[in-house]
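Trainee: no FASTA, just this:
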């Protein structure tokens, strides 16, 4: 059972310094929890967030132009953080990745040329022209040295500068016979990090892509490291979308008491892959605040730091976790940068 | 990115033995995943599982007698694993725990006397009389030496012998102003372990109680250690029940691809605490197989190992996790036994 001095961590800490071999272990989490209560709010000020459920087709230039128009619309509605869907500049499918892939030269700090990556420059301009933070969904990336392809998300700030990148860590390899079979790893290679991106005006977001949402560690680590929102550009399909899209969004929210945004392409029944749609923004109590249907749409809602704080005060999971019984996954070895290998 | 020999773990392992300082780390998970694929199914044979959504009142003897009658009914319906709700022998509330508490002398292997714990003996008889596995919800426990109270679950086998115990690890301390305020820790002390219980005929279950379901680590560890079902006797209320009861059951199922059973008391609007009801059994794809309403009910369904295996084959999360990017919480230091302190 808990030591009787559980509510006096500093006294307990003193005791334990004198007992280095003690089996008691709740000290570190206690002290961390204590100190986190005096930290500033994870979301510094309210912000309007938009998911653009974009209808894309095979013409990349047209897709980029259309995305720019929709981003302009969302910005004019007052959204300051805007999200595009997975593979927003191309159809989704292993047969399309190589043709649409662009060279980003990551993790270099030198931007690619316009010729290497028209999408990079289009996204940068959308962010700068509208003075908004843009989580640019994802695009197929080719790394020319390794000849590997990735599914990569680029996030830009209001000055048009690149703030962070995420390569999809968990590739979409599933086989539900008669319903959906897909093997991204036939073409793509995986990323190798948890992605936290600082938006200076607001705080930290986590970005991951689609199938990554099935792996709760990314969300847990992000929330415990102070993110205010989990952003998932993603293209679920008619099988897994109906089964799990909303459930996974709400699961990540309820366990981490954090905002969750899932941004899908619009459904196109003439395409080879039919996206689920239903982009949504979920609040820290797991309530769906806004949800799109299947067709192209912009969904928007205001995020408030007070809602996160109130949820965490009312149901104080973050101080109730029992890291003396099980480990804290966020305190183990986590890759926050792409290893150079 | 992944080493190119990713699909040849033994070759990779050989390489790494020659490179002990290599930053590559996917070896252990790969080898574990490889070996787990040749393990026997986590559920050895199909079994019918029942949740008894029991209506209890202030008369403990009457509650025990009524529970016995309902267990007999579920057994006669063919259920071989039967679950009772949290605090099935008493009303739920801090003011009731001391009056209803029984001495179990845990973790002693000597059973308490009939006088010390009538509920222990009643549960043992229910299991033996019907030759079923009984997860006996929970009862208030008093530890006479420490004078501490616990919320404790007892599981018995078909021979009436105690197979395992779980003391609620995360106490229900929440405060949603104007809706629900409750502080179990005013009276109760917490348990200190993850509880896995072997049911020899079927395999391993995990038992945790109510608020424990909000802490995904217990479920994750149990699933990765080979459990076929997560069993939560629990008494959510009209606020958190409406918000999160079903979501949490489905969340634990979808992330761990495992059966989940949540067993609530029936709702009693004349009691001081109004339980949510809605006992449910969820399958490894997160589909709700059966769900009670608010009133007393027995819900039953067949669990099949093939469903777990098929889910894990179709959406192969267990081989796709990236323990080179984030740690595996089940491989860290986990308390599976109550520490003697």
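Mentor: Looks like it arrived, so ask away. These numbers were taken from a predicted model, which means no experiment stands behind them.
Trainee: So which residues on the stretch 51-200 of chain A come close to chain B?
Mentor: Neighbours of chain B within the stretch 51-200 of chain A, by Cβ under 8 Å from any Cβ of the partner chain: A:146, A:148, A:169-171, A:173-177, A:189-194. All C-beta spots, glycine's among them, are computed from the backbone N, C-alpha and C.
Trainee: Please narrow the residues you listed to those residing in strands.
Mentor: With strands taken from DSSP state E, the overlap with these comprises A:148, A:173-176.
Trainee: Out of the residues you listed, which end up buried?
Mentor: Burial by neighbour count, 16 or more other Cβ atoms under 10 Å in any protein chain shown: within these this picks out A:148, A:173-174, A:176.
Trainee: for chain A, where's the lowest mean pLDDT among helices and strands?
Mentor: helix A:9-17 (a mean of 28; mean pLDDT, DSSP states H and E).
Trainee: Tell me where the stretch 51-200 of chain A has strands.
Mentor: A:81-83, A:133-135, A:139-143, A:148-156, A:162-167, A:173-176, A:180-183, A:196-199 (DSSP state E, counting those that start in this stretch).
Trainee: Model confidence for the residue nearest to residue A:180 when sequence neighbours are not counted, exactly?
Mentor: In space, and not counting its chain neighbours, residue A:180 is closest to residue A:239: 4.5 Å by Cβ to Cβ, 6 or more residues apart in numbering or on different chains. We have a pLDDT of 96 for residue A:239.
Trainee: Now do the SS call for residue A:239.
Mentor: helix (DSSP: H, G, I helix; E, B strand; the rest coil).
Trainee: Touching, it and residue A:177? I think so.
Mentor: No - judged on Cβ atoms under 8 Å, residue A:239 makes no contact with residue A:177 at a distance of 10.9 Å.
Trainee: neighbour-wise, which of these two wins?
Mentor: More neighbours surround residue A:239 than the other of residue A:239 and residue A:177, with 16 against 9 (other Cβ atoms under 10 Å in any protein chain shown).
Trainee: So residue A:246, which state does it fall into?
Mentor: Residue A:246 ends up helix, using three-state DSSP.
Trainee: gap between it and residue A:218?
Mentor: 19 Å (Cβ to Cβ, to the nearest Å).
Trainee: neighbour count winner among the two?
Mentor: Using other Cβ under 10 Å as the criterion, residue A:246 and residue A:218 rank with residue A:218 on top: 29 against 19.
Trainee: model confidence over stretch A:92-112, on average?
Mentor: 90.
Trainee: List the contacts of it.
Mentor: A:60, A:86-87, A:89-90, A:116-121, A:124, A:139-144, A:149, A:151-152, A:154, A:162, A:165, A:167, A:182-184, A:186-188, A:235, A:265, A:271-273, A:275, A:337-338 (Cβ atoms under 8 Å, 6 or more residues apart in numbering or on different chains).
Trainee: burial of residue A:57, as a residue count?
Mentor: Counted with other Cβ under 10 Å, residue A:57 comes out at 13.
Trainee: Ok, residue A:59 next?
Mentor: Neighbour count of residue A:59, defined by other Cβ under 10 Å: 12.
Trainee: in stretch A:118-132, what counts as buried?
Mentor: For stretch A:118-132, by 16+ other Cβ under 10 Å, it's A:118-128, A:130, A:132.
Trainee: quick one, what contacts the most centrally placed residue in chain A?
Mentor: Computing the C-alpha centroid of chain A and ranking residues by Cα atoms, centre = their mean puts residue A:207 first, at 2.4 Å. By Cβ under 8 Å, 6+ apart, the contact list for residue A:207 reads A:135, A:153, A:155, A:164, A:166, A:195, A:197, A:231-233.
Trainee: one more time with 7 Å
Mentor: A:135, A:153, A:155, A:164, A:166, A:195, A:197, A:231 (Cβ atoms under 7 Å, 6 or more residues apart in numbering or on different chains).
Trainee: Next: residue A:227.
Mentor: Residue A:227 touches A:42, A:196, A:204-206, A:258, counting by Cβ under 7 Å, 6+ apart.
Trainee: Check residue A:67 too.
Mentor: Residue A:67 touches A:54, A:84, A:88, A:126, counting by Cβ under 7 Å, 6+ apart.
Trainee: Kindly report the same for residue A:306.
Mentor: Residue A:306 neighbours (Cβ under 7 Å, 6+ apart): none.
Trainee: now do 10 Å
Mentor: If a contact means Cβ atoms under 10 Å, 6 or more residues apart in numbering or on different chains, then residue A:306 has A:41, A:43, A:46 as its contacts.
Trainee: my guess is residue A:260 meets residue A:282, correct?
Mentor: Yes - contact criterion Cβ atoms under 10 Å: residue A:260 and residue A:282 qualify, at 4.4 Å.
Trainee: Now for these two: what residues contact both?
Mentor: Joint contacts of residue A:260 and residue A:282 (Cβ under 10 Å, 6+ apart) are A:229-230, A:248-254, A:288-289.
Trainee: mind checking the SS state of residue A:49?
Mentor: Going by three-state DSSP: residue A:49 is strand.
Trainee: For burial, what's the neighbour tally of the spatially closest residue to it that is not a sequence neighbour?
Mentor: In space, and not counting its chain neighbours, residue A:49 is closest to residue A:81: 4.8 Å by Cβ to Cβ, 6+ apart. By the criterion of other Cβ under 10 Å, residue A:81 has 23 neighbours.
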